[in-house]
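> sequence-free structure coming up:
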């Protein structure tokens, strides 16, 4: 595909920072005044039927022919299991962002023939874009979204240039930019956005120019780490190559499902996933996350045993359980007790990977003064506690308010002042090309 970049509009009035995540997505926006000052950054908390949420679920519910989206975000999640007959809709699509990265095949969702991952991304961004446009136009009537709005999308640090090309196509297909070459779309890495967001926190900690700090961005799918140095004038410089891995919060969910396989049998859980995905969906998003994963703080004295009632939370599972597993669960009246050690075991394999990443990154930077923990999984009080225990004697641990908002607010901040990032350490070399003739209009070729 060949296209030329268009010039940036000189009439930009609004910046929108977008965090398109594996499990959750959101956006923030700010108006640019004529004197180039800005008003307060506004985070969107309104997601249709659900309010007071920083982000909504990166989820799509299509109709029975996959012809159109009937629900999206948190509204696409299944409600509590019921004996009532439900509409014969296909299972919601989740985790399709995994197709953009080098993720193990078994983590990527199986998509229906009718839906490519690019279409799923485009459709989700189209739905979220409707909310963006509505909020901005309600705030400032007369705003032309394609002409007056600068979009800044954050992407994982591990994503290469080809992934950004795919994202640009998806954003164009979603109707958020007027052409593939529109320059009112910019990208920043997630840790870069988090770093920009954390500058104000450095001021609160009375950190001076020259201080080196680490950003640990724990999202749903990926964990990214970068080390930055604060320069004069509030600018930042990257000092070491970014590192990261696929060990975000969704992998804790996977550990819970592995535990369930041990109690009910692998074949039973496999059948539940294949035949009753709505109940798996409900089990994770409406039971495990709000009642177990989010409240768990790692303090044994605070913990109370949680009863997991299979008949209430996923009744369809019962018909697939056989043998000794069935005998045991019948004897326990289909209730599994989740004690402290069991819940802790869901987290520990993932947290060990995160702490290894931090140890490795600290070994490359002996003069790091502060560690910032951000991202959706950064909200986990147990993860926060473990990081403080492991590294609190080496660096100051800083956890900003609403860690999950750091990326989308930082992306917005970056759009307001793209000079804030002074230097980057590149992971790839793109080579050098010399032209004997100077050309005033640069045309890039994308394949």
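In hand now; what should we look at? No experiment lies behind these values; they were computed from the predicted model shown.
> contacts, neighbours, all on C-alpha from now
Fine.
> residue boundaries of the strands in the stretch 201-350 of the chain?
Taking DSSP state E, counting those that start in this stretch to define them, one finds strands in the stretch 201-350 of the chain at 212-218, 223-230, 236-238, 243-245, 306-309, 335-338.
> can you list the domains in this protein?
2-189, 205-248+349-406, 250-346 (automatic domain parsing).
> of all those domains, which lies closest to residue 413?
Nearest to residue 413, of all the domains of the chain, is domain 2-189, at 7.7 Å by Cα to Cα.
> Do me a favour and average the pLDDT over the closest one.
Taken as a whole, domain 2-189 has an average pLDDT of 86.
> got a list of what residue 157 touches?
Contacts for residue 157 (Cα atoms under 8 Å, 6 or more residues apart in numbering) come out as 189, 190, 191, 224, 242, 244.
> can you list those in JSON lines and add distance to residue 214 and neighbour count?
Formatted as JSON lines, the contacts of residue 157 follow (distance: Cα to Cα, whole Å; neighbours: other Cα atoms under 10 Å):
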{"residue": "189", "distance to residue 214": "15", "neighbour count": "18"}
{"residue": "190", "distance to residue 214": "13", "neighbour count": "30"}
{"residue": "191", "distance to residue 214": "9", "neighbour count": "31"}
{"residue": "224", "distance to residue 214": "10", "neighbour count": "27"}
{"residue": "242", "distance to residue 214": "10", "neighbour count": "19"}
{"residue": "244", "distance to residue 214": "13", "neighbour count": "21"}
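> Just the pLDDT for the closest residue to residue 313 other than its chain neighbours.
Nearest non-adjacent residue to residue 313, counting by Cα to Cα, 6 or more residues apart in numbering: residue 283, 6.2 Å away. Looking at residue 283, its pLDDT stands at 93.
> Roughly how far does residue 283 sit from residue 254?
12 Å (Cα to Cα, to the nearest Å).
> Tell me which of these two has more neighbours.
Taking residue 283 and residue 254 together and counting by other Cα atoms under 10 Å, residue 283 has the greater number of neighbours (22 against 14).
> looking at it, that one is touching residue 311, isn't it?
No. The criterion here is Cα atoms under 8 Å, and residue 283 misses it with residue 311 at 11.8 Å.
> how about the helices of the stretch 251-400 of the chain, start to end?
Secondary structure of the stretch 251-400 of the chain (DSSP state H, counting those that start in this stretch): helices located at 266-275, 277-282, 310-313, 323-331, 340-363, 381-391.
> and among the ones you listed, the most buried is which?
Using mean count of other Cα atoms under 10 Å, the stretch among the helices of the stretch 251-400 of the chain with the largest mean neighbour count is helix 277-282, at a mean of 21.
> starting at the chain centroid, how far to that helix?
How far helix 277-282 lies from its chain's middle: 21 Å, per Cα atoms, centre = their mean, to the nearest Å.
> What helices and strands are in contact with it?
Here helix 277-282 touches helix 266-275, going by 3 or more Cα pairs under 8 Å, 6 or more residues apart in numbering; DSSP states H and E.
> could you say what helices and strands the helix it packs on packs with?
Checked by 3+ Cα pairs under 8 Å, 6+ apart, helix 266-275 has helix 250-264, helix 277-282 packed alongside it.
> Quick one: closest of those helices to residue 199.
helix 250-264 (28.4 Å).
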